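Let's see this in three dimensions:
(chains A and B)
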Amino acid sequence: MTASRNSVLLFTLKNAPLIILVAVFGTFASLSSKFPTLDNLVNILVQSSSILIAAIGMTFVLLTAGIDLSVGSIMFLSAAIAGKMILAGHPVALAFAVIVVVGALYGAFNAFFITRLAILPFIVTLSTRFAGRGLSLMITETRAMNLPGLVQIGSTRVVGIPFPILVLGFVLAVGHAVLTKTAFGRHIYAVGHDREAAKKAGINTVRVLFLVYVVSGLCAAVGGLVLLSQLGAVSPTFGELREFVAIAAAVLGGTSLFGGRGKVFPGTVLGAVLIQTVENGLNIINADPYVYPLITSFIIFLAVFIDSVRHAQLQQLKRRRIRVETSA
Amino acid sequence: MGNNVLEYQNVEKSFFGVRVLRNVNLALQEGHVLGVVGENGAGKSTLVNILGGVVPADSGTIILGGSHYAPRNPSDAFRHGIAFIHQELNLFANLSIAENMFIASFPKRRFAAIPLIDRKAIRSKTKALLESVDLHLSPDTLVEDLSPGERQLVEIAKALAADARVIIFDEPTTSLTARETERLFAIIERLRSQRISMIYISHILGDVLGLCDDIVVLRDGEVVGRGTRGEFTLEKMISLMVGRDIEQLYPPRSTKPSEEKVLEVNGVSHPGIVRNITFALRRREVLGISGLMGSGRTELARILFGLDPFQSGEILLNGLSLGGCSPRERVRKGMAFLTENRREEGLLMGASVVDDIALASLPSFARTLLRLIDELRMRRAVDRVTDSLRLQYGHRQTAKTLSGGSQQKVVVARWLMEKPSVFILDEPTRGIDIGAKYEVYRIINDLAAQGTAVLFVSSEIEELIGMCDRILVMSNGSIQGCFERPDFDKEKILRAALRKDAIQ
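Have a look, this model is predicted:
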């Protein structure tokens, strides 16, 4: 009897993101007929693509029990540099390439302090978060840059698929494949589970940790690129606080802050889409804009709460299992 | 001498100026099991850590398979065919068995320039390896779903996967049930017949004597005894380990139990766990509970402390029914419980020893209006307890840096802060060396002398015989016999423990 109740509880905990998403979806669909249309669904995906790309990189970092608070600043810095280049007459393609390079370098910078100097990721990325934003404000002279030409790219469709979703699809496919099908991906899980044991098993843990921050920087920059192509402007608040939405998306999707547990697909995808769905739905039913942060924060709280319950539950189930073994 | 796979020649190692290994010479023959015994801190772990590439030797040479061997790191050692089955298993619970097997070097196939793991290959290889250690599980099973014994077999399979020449077992049986231990021994026998060489480290000297071809005894980093199994007896190993003949394994008891009953257990039953348990524990008494694995001894201890429920019967502490009191309320009423897994349950590894010990009794040091902690009084109380336990530690030392035996004392010290009237100890000497064991015994005697009633749960009959005033023997969830000092008879106790049905 308790066993079946346990399995129900475990099922609920494991599939919490999907269950919440279905519930949220149902609620909005019943409140407005404009919500459950194909156009709007595509819209939700387009709107969530930039944060989702960043959240995919964040998932890599969280899987190693690390954190990257500089994601929003990476978005801003790479967009600011690209904006300057485009305004100076450089080709857009070159600017986009620079964005990617800046993101990777930024991530490598974080990684250097975290792996070589053994400073806590929280502290390192917290300080580079401020540093990156400050540097970007210097570059942009705290003025907004308008790049209306980019919106054309953002609204391009290739065989009917909007540009942001294309980029997202690519990053997601690569990210998912790397995590599940490559040695590097499995090493990330091993390092996140127990770094000492991973080292003893002969895994180059420094390399793994280094690379996840590079991946996070890359993803943040690509997410920034998508955002830039959607907004067509770089304002002083570009990318601000996006790291927290990315963390929320990953955790909501079942990635554990303790490391070693989580998936970009379906996990993080569900998490990011859920957050965007709430925002989109509130928008459609014309909710008071001041309510948005409240609801978003409630969802983030829910995410962390579920994570801790799940962790405790798993511990408990494990313990019970061993006791049954010995008394049998 | 036969064919030596491995040889240590004058190997030395120091840590921070302290010599841990001095002039160690030993040899491991092909297809032999070499037992390494010694007290905690004798250098056993360092000895094999050098082999496993965890630490380098300072001087001396190691010959592996006829050539010079000096591993740079664990993976280097692994490549040289050294497999290390650690005390804490090095498996990744969040990965599958197959992934764990090949974590260090996945077989790859390329797909569009991305090197992917060849799942099919690792699955089929893993399947075959699991069969060779009698594990009939899917290679895709997550390790977190396995029992400790199964996980160990996976480790061994992993060693086989790497074509290990030498497999090192460091205390492999500590977390295994009796049946799992048997299975492990059978597999070690099979590996031996396949000409695989093994190093076996254990505190359970009987196992070493039964399992190993050759035995090396270490003391203070030196090899003090070396020879084939036939040259050793248990007594010889013990006297070599401690450097003197131990006539007295157990400290003498000077006090006698009083007639005053502190804990009374009347007909306590819980279906499937314990049946009709009745006994009384008196002041100044050391009462042993013996029984095989699964006899219900640990379960009984948990019920007495209120960690698990019971269906019928009653438990009285100082004449008052404990009914449904929570463990916390029981502690307040003077009960203490040292669990089997004291290391995981309750040590703050990063905190200072003083803080660790005072943790549970903090409120009693914060009696002023503002509830501030009286540091001085706390420190004095902690000192009093640690003095009585002969626990030495530095002012700011953390529990993490203490030896296993001392860590246990920290946990004991925490309970003693509140001066319990009933102290339940579940396997207090498991996994610690002889010297530390003696200390634990002395502490138990001191406790009894000070008026505490001690319930001593143990799977080692010898130590119960050496320590207790009375021994209750459990089997199949009920008490099968009660023996009083001086009428202890190991054979009778064992026979009672093995009895399957309750006829008494």
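
give me the number of residues near the residue in the stretch 201-328 of chain A that chain B sits nearest to?
Using Cβ to the nearest Cβ, the closest approach of the stretch 201-328 of chain A to chain B is made by residue A:202 at 2.6 Å. C-beta here means a position set from N, CA and C on the backbone, and glycine is covered the same way. The tally of other residues near residue A:202 (other Cβ atoms under 10 Å in any protein chain shown) stands at 18.

which SS state does it fall under?
coil (DSSP: H, G, I helix; E, B strand; the rest coil).

so what's it up against?
Going by Cβ atoms under 8 Å, 6 or more residues apart in numbering or on different chains, residue A:202 touches B:73-75, B:78, B:103-105.

And residue A:241, how far from residue B:145?
Residue A:241 sits at a distance of 39 Å from residue B:145 (criterion: Cβ to Cβ, to the nearest Å).

More neighbours: which of the two?
residue B:145 (14 against 10).

what about residue B:97, neighbour count?
So residue B:97, with other Cβ under 10 Å, has 28 neighbours.

Check what pLDDT it gets.
Per-residue confidence (pLDDT) for residue B:97: 92.

what does the one 4 residues further on give?
Looking at residue B:101, its pLDDT is 87.

do the same with residue A:5
Confidence at residue A:5, expressed as pLDDT, is 69.

Following the chain past whichever helix or strand residue B:124 is part of, name the next helix or strand.
Element membership for residue B:124 (DSSP states H and E) is helix B:119-132. Using DSSP H and E, the helix or strand that follows helix B:119-132 towards the C-terminus is helix B:148-161.

thinking again about what came up before, the helix holding residue B:124 versus helix B:148-161: what angle between them?
110 degrees (axes from the mean of the first three to the mean of the last three Cα atoms, to 10 degrees).

Report the buried residues of helix B:119-132.
Within helix B:119-132, the residues that count as buried by 16 or more other Cβ atoms under 10 Å in any protein chain shown are B:119, B:122-123, B:125-127, B:129-130, B:132.

Residue A:238 - that's part of a helix, no?
No - counting by three-state DSSP, residue A:238 falls outside a helix, being coil.

where does it fall, phi/psi-wise?
The phi and psi values for residue A:238, taken as degrees, to the nearest 10, are phi -60, psi 120.

Helices of the stretch 151-300 of chain A, residue ranges please.
Applying DSSP state H, counting those that start in this stretch to the stretch 151-300 of chain A gives helices spanning A:163-181, A:183-193, A:195-200, A:205-231, A:242-252, A:269-284, A:291-327.

same check, this time on the stretch 301-450 of chain B
Going by DSSP H, counting those that start in this stretch, the stretch 301-450 of chain B shows helices at B:327-332, B:353-358, B:375-389, B:404-416, B:434-449.

sorry, back to before: could you dump the helix holding residue B:124 to CSV, C-alpha only?
The C-alpha coordinates for helix B:119-132 follow below in CSV (Å, rounded to 0.1, in the frame of the first residue of the first chain):
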residue,chain,number,x,y,z
ARG,B,119,26.0,2.1,-26.7
LYS,B,120,25.5,-1.2,-28.3
ALA,B,121,29.1,-2.2,-27.7
ILE,B,122,29.1,-1.2,-24.0
ARG,B,123,25.8,-2.8,-23.4
SER,B,124,26.8,-6.2,-24.8
LYS,B,125,30.2,-6.1,-23.1
THR,B,126,28.7,-5.1,-19.8
LYS,B,127,26.2,-7.9,-20.1
ALA,B,128,28.9,-10.5,-20.4
LEU,B,129,31.0,-9.0,-17.6
LEU,B,130,28.0,-9.0,-15.2
GLU,B,131,27.4,-12.6,-15.9
SER,B,132,31.0,-13.4,-14.9
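
for that helix, packing partners?
For helix B:119-132, the packing partners by 3 or more Cβ pairs under 8 Å, 6 or more residues apart in numbering or on different chains; DSSP states H and E come out as helix B:97-101, helix B:148-161.

so what pLDDT did residue B:394 get?
Residue B:394 is given a pLDDT of 72.

and it, what does it touch?
Counted by Cβ under 8 Å, 6+ apart, residue B:394 has zero contacts.

And it, how close does it get to residue B:332?
32 Å.

Now the one residue in the stretch 1-150 of chain A that gets nearest to chain B. Nearest residue, chain neighbours left out?
Residue nearest to chain B within the stretch 1-150 of chain A (Cβ to the nearest Cβ): residue A:63, separated by 9.5 Å. Computed as Cβ to Cβ, 6 or more residues apart in numbering or on different chains, the closest residue to residue A:63 that is not its neighbour in sequence is residue A:192, at 4.6 Å.
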